[in-house]
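# Sequence first, predicted model second:
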Amino acid sequence: MSDYDDFIARVKVLSTIESIGGLLGWDQETMMPPKGGALRAESLAFLSGLAHARLVDPVMGELLAKLGDAELDEGEAANVREVRHAWEKATKLPAELVEEIARHKSLALQVWQEARAEDDFAKFQPALEKMVELQCRAAEHYGYDDNIYDAMLDNYEPGMTVAQLDPLFAGLREEIVPLVKAIGRCDQPDMSFMERGPFPEAGQREFSLRVAAAIGFDFDAGRMDTSTHPFCSGAGPRDVRFTTRYDESFPFGCLYGVMHETGHGLYEQGLLAENEGTPLGKAVSLGVHESQSRLWENLVGRSREFWEHWLPDFRETFPHVGDLDLDTIHRAVNRVHPSLIRVEADEATYNLHIMLRYEVEKALVNGEVPVGDLPQFWNSRMEKYLGITPPNDTQGVLQDIHWSMGAIGYFPTYTLGNLYAAQLWEATLRDLPDLSQQIAAGKTAPLLEWMRSHIHVHGSRWEPEELVQRASGVEPGAEAFVRYLKGKFGALYGLA
Ligand SMILES: [Zn+2]
């Protein structure tokens, strides 16, 4: 066996462990009875410890050292590069800390679910304090140059730093805040058809499933279930599990949640089977992942062309909306208004929700705000960025699952995803001049093919910024997104 073959065999074992963990995590959110939590925490901690031990095995270190000098092709070199990055991170963390984090994740998740249901931040506070402390300990082990938060960002978008994000976010805010204000002075969309509800759960489920299948999700290689917070995970590219949730007074939460998670699922299903179990067969970053979900949710799903095709089906599924017309639904699903819940926010205000979380996280991990003051900090930032104050913590600081899972540094990838999506969209419009007509005719296969060949099949062959640059022909930035927002909402709201 060559060194490279030995290396790949070990990498595939790691992938198998990850795949089992993915399934247990999915089950925890969708199927597990409440009393199963403690055992599940133990099981996940065990798997996490097992994977860590396999990764930091001295033989892996020796193989990586030997392969550093070996003659490898581009794909093989990418596999070595990605595993070396993970290995370097893992060797910096003591095994006890890895297990402690995994165990605390499962417990904190349960506490968060209860605290959110009961609107009781104090209940979540000790679990969050411990999570912040654990993540800061991990960050100190990883090391960083400027800001401890950089070490956390790197877990989700390799190489990203506060020094890059601060100006990027400040620049975006300068464009978005005046746009949202200008829109606020315009005539607002007619939402009266919503009062003709309810929109039964069964109808929402069936309609969303039809859309997910039509845009290319393979239900022989995945499934859809229900959970508190929608997500997409699973055992691997041939077994992708995504979830949604239902609100019978508001059908678009489910629909766009499904289109979003389907976008993630399409990326997973587009990874090449021949590379399964290796970095070449895995998504490259959360930012790129989010570009795929946002693309299908917003650039496709909230376009006039999408509704040209789907409105008749929607009217048939929910007959009480009567003669709801194309202009009305198009304006309704693109209504811009400051709101409390991130996952339901419109495209224009969404990134303000992310900036708020970015500020909160930076302040928390730098010890500038104690966890106990978070509800107050949160509410004051909501007032500053969006002009509204949450009436309770369930609709405020307790709304997101991320912190209970230890995912600090994750939120900025959502905004990066929005920026990448707009950039890829401009590139597809250039390559596929009749894309709009195709979407209006219900034909999204050419768009999916473009994403398959430019993004999905490459897995982690190149780092995120290089991948986006190669695919779009432009260096990643905010320009395409700002052009898209101004163009779309300028036209919708009749702004000059
Ligand atoms: Zn997402």
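Perfect, thanks for sending it. Numbering: from 1, shown residues only.
# Where does the closest residue to Thr328 other than its chain neighbours fall, secondary structure wise?
On the basis of Cβ to Cβ, 6 or more residues apart in numbering, the spatially nearest residue to Thr328 that is not a chain neighbour turns out to be Asp190, at 5.7 Å. Glycine gets a C-beta too; all of them are placed from N, C-alpha and C. With the criterion set as DSSP states H and E, no secondary-structure element contains Asp190; it sits in neither a helix nor a strand.
# Pull up the gap between Asp190 and Leu209, please.
When Cβ to Cβ, to the nearest Å is applied, the distance between Asp190 and Leu209 equals 28 Å.
# same deal with Leu492?
Using Cβ to Cβ, Leu492 is found at 28 Å from Leu209.
# got it, and Glu274?
Here the criterion is Cβ to Cβ. By it, Glu274 lies 29 Å from Leu209.
# repeat for Val56
In this structure, Val56 lies at 43 Å from Leu209, with Cβ to Cβ as the measure.
# quick one: terminal-to-terminal distance for stretch 269-286?
Across stretch 269-286, the straight-line distance between its terminal residues is 16 Å, by Cα to Cα, to the nearest Å.
# Report the contact partners of Asn155.
Applying Cβ atoms under 8 Å, 6 or more residues apart in numbering, one finds that Asn155 lies in contact with Lys89, Gly409, Tyr410.
# can these go into JSON lines with extra columns for pLDDT?
Output for the contacts of Asn155, formatted as JSON lines (pLDDT from 0 to 100):
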{"residue": "Lys89", "pLDDT": "91"}
{"residue": "Gly409", "pLDDT": "97"}
{"residue": "Tyr410", "pLDDT": "96"}
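# hang on, the earlier thing: compare Glu274 and Leu209 (neighbour count), which wins?
Between Glu274 and Leu209, Leu209 has the larger neighbour count (other Cβ atoms under 10 Å), namely 16 against 9.
# The more buried one sits in which helix or strand?
Leu209 is part of helix 201-214 when elements are defined by DSSP H and E.
# Of all the residues in that helix, which ones are buried?
Neighbour-count burial for helix 201-214 flags Gly203, Gln204, Arg205, Phe207, Ser208, Leu209, Val211, Ala212, Ala214 (criterion: 16 or more other Cβ atoms under 10 Å).
# Stretch 239-259 too?
Within stretch 239-259, the residues that qualify as buried by neighbour count (16+ other Cβ under 10 Å) are 239-246, 251-259.
# List the ones among these that fall in strands.
With strands defined by DSSP state E, the entries of the buried residues of stretch 239-259 inside them are Asp239, Val240, Arg241, Phe242, Thr243, Thr244.
# who does the spatially closest residue to the third one that is not a sequence neighbour bridge with?
Okay, so that is Arg241. In space, and not counting its chain neighbours, Arg241 is closest to Gly234: 3.8 Å by Cβ to Cβ, 6+ apart. In this structure, Gly234 has the following beta-bridge partners (DSSP bridges): Val240.
# for the protein, which spans come out with low pLDDT?
Judged against pLDDT under 70, the low-scoring parts of the chain cover residues 496.
# can you pull out the strands in it?
If DSSP E is used as the criterion, the strands of the chain fall at 222-226, 232-236, 239-244.
# excluding its backbone neighbours, what's nearest the residue nearest the centre of the chain?
Residue closest to the mean C-alpha point of the chain, counted by Cα atoms, centre = their mean, is Glu290 at 4.7 Å. In space, and not counting its chain neighbours, Glu290 is closest to Gly417: 2.4 Å by Cβ to Cβ, 6+ apart.
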